[in-house]
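A.B. asks: Sequence first, predicted coordinates after that:
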Amino acid sequence: MRIWSIHCQGYCTCDAISANSRICRYARLGEIDNARRVFDQMPVKSVVSWNSIIGGYFQNSQPEEACRLFERMPERNTTSWNGMISGFVKNRMIKDARRVFDVMAERNVVSWTAMVRGYVQEGIISEAESLFRQMPEKNVVSWTVMLGGLIQERRIDDARRLFDEMPEKDIVARTNMISGYCQLGRLADARELFDEMPRRNVISWTTMISGYAQNMQVDIARKLFEVTPEKNEVTWTAILTGYTQCGRIEEASELFKRMPEKSLTACNAMILGFSQNGKIVEARQVFDRMREKDDGSWSAIIRGYERNGFELEALDMFASMQKVGTRANFAALISVLTVCASLAILDHGREIHAEVVKSLFHSDVFLASALITMYVKCGDLVRAKKMFDHFTMKDVVMWNSMITGYAQHGLGEEALQVFHEMCSSGMVPDDVTFVGVLSACSYTGRVKEGMEFFDSMKLVYMVEPTAEHYACMVDLLGRAGHVHEAMDMIKKMPIEADAVVWGALLGACKTHMNLDLAEVAAKKLLQLEPKNSGPYILLSNIYASRKRWEDVAELRNVMRVRNVSKSPGCSWIEVEKKVHVFTGGDKLRHPEHEMIVGMLEKLGGMLREVGYCPDGSFVLHDVDEEQKVHSLSYHSEKLAVAFGLLKVPEGMPIRIMKNLRICGDCHSAIKLIAKITGIIGEVRASPVTTLVQNLLNQ
């Protein structure tokens, strides 16, 4: 009988150990229900069993159930109490952890350290420090946790004093101090500690290499990298990132090829590095070769396409990311919203807005600003204002987006009203704010108000006027016909007038046909930007409007000699989530060209019936009237309108974007088309010349 009893006791102990092990394993795999099933089926539950299942619930973010089980425990030991503290800390419930800590009958060094760690994790360093000083006993972990807290708060000198007090300095503490010094750019102090280390591991070496790389001392980092006795993926990635951040992409590429294992982080760094240096083809090659991709990989390639002017490719990549089920991160959403804003594709923008809400980023101030900017640039000011009003914690970027948006749409009064609300709310306007305010005055002809705002910038708001503000003032005076006063302002500027200022004057001279000042402005612009086609075109247009064809020919000859090319007029429209692009004469030959031409001819007949007569003055070439009429008929915006009438459902607005300013004849014709067809439409200018060039090169 006694033999049987001993045998049973041994069997039960082994069985309990096995059950406890299974509880821990299930909890670690996220299968907490299976862990609970094992626990409930145990005939005898030891304190270890209770601790295991409670820890499992904490591990699976179910602290309420962990608390219920803790209350039911027949007996508890110090490990049980420590488990509760650690569990609450893991679930960011620092007040609950402190309540448990305060009622503990017996605390050991683990209890104190867990509590200090919790405060450090929450960034409450003063409380962590206070508790640390009260600790009756400290071990190397306690010291290292507190050291990390001080470094986290960038109190590096306090951290050094604590480090010097440490009775035992292990490799982790020394590496933490090196990292802290590197974060603050104190590389000499970091290197001194590194050189004094009695023993170094791969993490110590990598930390020092990263420190040099992050502080743009990549050559020293490389020397250290070459003598490192052991390298891991992080070491390789650290030096690689250093090269990409310094713009030394060739060296980064050479190192990337040498990497024995190309980690996910390294690949993402190379995609960003290639993209930042305009090597989008190479970036895509790295992306396509990756065996696995995370949200960082997708956002890097999307951002690369967006920053390099490949807007349509950025949209395609975003769609591909969604198809494979990768959730868009913050960077990807910002990039694709920027694309939607630049192309003014509202339907895409609305879809991204839904994705922002789905990803729970809608309360982020930067994304909210990007959404407002997108709606503004797409012409949906009602939605932009609704978002703006809904957001309580507005930053200066949001206010600027609304002011600039209203100004760009000619709603000067609304722009100035938002500006006054901004000042009343206590938000301090910046230089961008005043660009919007002065633009609002310019677009609505408020010369006196504009002058007052300009004078108040420095005197009242302490904002120093820049060349951009002077350009707004030149534009303000020029639009109102005061071109000579605008020229006087340029002469009196305390800073050198740049191309934007002279461009504003040239535009005003074209509007008011002041050829003498136009030539002065154009010559200045050609000195500042000899490869920019803008001033050549504006001056050529002025000559053409006065039928000075010899001067036009001479100017175009100069452009040929200097290899200056003009971006072609281009319009685009979004239909069923696809962007359709048209150029003058439809040089890209849209697949449905014949149908579009048929619609244009039909519209031409309808326009003639209501008295429309093409205005040949907008054809700035020395050709006969018949050719002028033909040329006007095939302007890109008219082609886009015809396509929109064919494809956009009745009752829906037709939105067309253009890379250049719409010509006067098209403006008149499209207004009449809207009237006779009953469509709601708009044609808006956008500076997406890179997109146009990419499309023409395909």
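C.D. replies: Received the coordinates, thanks.
A.B. asks: From now on I want contacts and neighbour counts done on CA atoms only, so please keep to that.
C.D. replies: Noted.
A.B. asks: Using CSV, list the CA coordinates for stretch 185-205.
C.D. replies: The C-alpha trace of stretch 185-205 is given here as CSV (Å, rounded to 0.1, in the frame of the first residue of the first chain):
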residue,chain,number,x,y,z
GLY,A,185,26.0,63.2,-30.3
ARG,A,186,28.7,62.9,-27.5
LEU,A,187,30.7,60.4,-29.5
ALA,A,188,34.0,61.1,-27.6
ASP,A,189,32.5,60.1,-24.3
ALA,A,190,30.9,57.1,-25.9
ARG,A,191,34.2,56.0,-27.5
GLU,A,192,36.1,56.4,-24.2
LEU,A,193,33.6,54.1,-22.5
PHE,A,194,33.8,51.6,-25.4
ASP,A,195,37.6,51.5,-25.4
GLU,A,196,37.6,50.9,-21.6
MET,A,197,35.2,47.9,-21.8
PRO,A,198,36.9,44.8,-20.4
ARG,A,199,34.7,42.7,-22.7
ARG,A,200,32.7,43.5,-25.7
ASN,A,201,30.0,41.6,-27.6
VAL,A,202,28.4,42.1,-31.0
ILE,A,203,25.8,44.5,-29.5
SER,A,204,28.5,46.7,-28.0
TRP,A,205,30.3,46.9,-31.4
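A.B. asks: and it, which residues are buried?
C.D. replies: Buried residues in stretch 185-205, counted by 16 or more other CA atoms under 10 Å: Gly185, Arg186, Leu187, Ala190, Arg191, Phe194, Arg200, Ile203, Ser204, Trp205.
A.B. asks: how far is it from where the chain is centred?
C.D. replies: 35 Å (CA atoms, centre = their mean, to the nearest Å).
A.B. asks: State the mean pLDDT of stretch 654-667.
C.D. replies: On average, the pLDDT along stretch 654-667 is 75.
A.B. asks: Of all the residues in that stretch, which ones are buried?
C.D. replies: Using 16+ other CA under 10 Å as the test for burial, stretch 654-667 gives Ile654, Arg655, Ile656, Met657, Lys658, Asn659, Leu660, Ile662, Asp665, Cys666.
A.B. asks: Pick out whichever of those sits closest to Val520.
C.D. replies: Lowest distance from Val520 to the buried residues of stretch 654-667 (CA to CA) belongs to Leu660, with 23.5 Å.
A.B. asks: On the three-state scheme, that closest one is what?
C.D. replies: When states are read from DSSP: H, G, I helix; E, B strand; the rest coil, the local structure at Leu660 comes out as coil.
A.B. asks: just checking, it touches Cys570?
C.D. replies: Yes: the criterion here is CA atoms under 8 Å, and Leu660 meets it with Cys570 at 7.3 Å.
A.B. asks: just curious, which of the buried residues of stretch 654-667 is nearest to Asn60?
C.D. replies: The closest of those to Asn60 turns out to be Arg655 (CA to CA; 50.0 Å).
A.B. asks: helix or strand for that closest one, which one?
C.D. replies: Element membership for Arg655, per DSSP states H and E: strand 654-658.
A.B. asks: where's that strand relative to the chain centroid, distance-wise?
C.D. replies: For strand 654-658 - counting by CA atoms, centre = their mean - the centre lies 25 Å from the chain centre.
A.B. asks: partners of it in the sheet?
C.D. replies: strand 570-575 (antiparallel), strand 681-685 (parallel) (DSSP bridges).
A.B. asks: Name the next helix or strand following that strand along the chain.
C.D. replies: Going C-terminal from strand 654-658, and assigning secondary structure by DSSP H and E, you next hit helix 664-677.
A.B. asks: could you give the angle of that next one to strand 654-658?
C.D. replies: With axes from the mean of the first three to the mean of the last three CA atoms, to 10 degrees as the criterion, the two stretches helix 664-677 and strand 654-658 enclose an angle of 170 degrees.
A.B. asks: Can you point out the buried residues in helix 664-677?
C.D. replies: Burial within helix 664-677, assessed by neighbour count using 16+ other CA under 10 Å, is assigned to Asp665, Cys666, Ala669, Ile670, Leu672, Ile673.
A.B. asks: Tell me which two in the residues you listed are the farthest apart.
C.D. replies: Within the buried residues of helix 664-677, two members stand farthest from each other by CA to CA: Asp665 and Ile673, at 12.2 Å.
A.B. asks: For stretch 531-543, output the C-alpha coordinates as CSV.
C.D. replies: Once non-C-alpha atoms are left out, stretch 531-543 reads as follows in CSV (Å, rounded to 0.1, in the frame of the first residue of the first chain):
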residue,chain,number,x,y,z
LYS,A,531,16.9,76.0,-68.1
ASN,A,532,13.4,77.0,-67.0
SER,A,533,11.1,77.3,-70.0
GLY,A,534,8.5,79.4,-68.1
PRO,A,535,10.0,82.9,-68.8
TYR,A,536,10.7,82.0,-72.5
ILE,A,537,7.1,81.0,-72.9
LEU,A,538,5.6,84.0,-71.2
LEU,A,539,7.7,86.4,-73.1
SER,A,540,7.0,84.5,-76.4
ASN,A,541,3.3,84.7,-75.6
ILE,A,542,3.5,88.5,-75.1
TYR,A,543,5.4,88.9,-78.4
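A.B. asks: Give me the mean pLDDT for it.
C.D. replies: Here stretch 531-543 scores 78 as its mean pLDDT.
A.B. asks: before we move on, what about stretch 228-239?
C.D. replies: The pLDDT scores in stretch 228-239 average 89.
A.B. asks: Let's have the buried residues of stretch 654-667 in TSV, adding distance to Leu528.
C.D. replies: As requested, those are arranged in TSV below (distance: CA to CA, whole Å):
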residue	distance to Leu528
Ile654	39
Arg655	36
Ile656	33
Met657	29
Lys658	26
Asn659	23
Leu660	22
Ile662	26
Asp665	32
Cys666	32
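A.B. asks: Quick check: of those, which lies closest to Ala640?
C.D. replies: Using CA to CA, the shortest approach to Ala640 within those belongs to Ile656, at 6.9 Å.
A.B. asks: how much space between the closest one and Val437?
C.D. replies: Spatial separation of Ile656 from Val437 under the definition CA to CA, to the nearest Å is 27 Å.
A.B. asks: would you list every one of the helices in the stretch 1-150 of the chain?
C.D. replies: If DSSP state H, counting those that start in this stretch is used as the criterion, the helices of the stretch 1-150 of the chain fall at 2-28, 32-41, 47-59, 63-72, 78-90, 94-103, 109-121, 125-134, 140-152.
A.B. asks: can I get those helices in CSV with mean pLDDT?
C.D. replies: Below are the helices of the stretch 1-150 of the chain laid out as CSV (pLDDT from 0 to 100):
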stretch, mean pLDDT
helix 2-28, 61
helix 32-41, 88
helix 47-59, 89
helix 63-72, 90
helix 78-90, 90
helix 94-103, 91
helix 109-121, 92
helix 125-134, 91
helix 140-152, 92
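A.B. asks: Now render the ones you listed as a markdown table, adding distance to Lys531 and mean neighbour count.
C.D. replies: As requested, the helices of the stretch 1-150 of the chain are arranged in a markdown table below (distance: least, CA to CA, whole Å; neighbours: other CA atoms under 10 Å):
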| stretch | distance to Lys531 | mean neighbour count |
| --- | --- | --- |
| helix 2-28 | 63 | 14 |
| helix 32-41 | 67 | 16 |
| helix 47-59 | 63 | 22 |
| helix 63-72 | 66 | 15 |
| helix 78-90 | 60 | 22 |
| helix 94-103 | 62 | 16 |
| helix 109-121 | 55 | 23 |
| helix 125-134 | 57 | 16 |
| helix 140-152 | 50 | 21 |
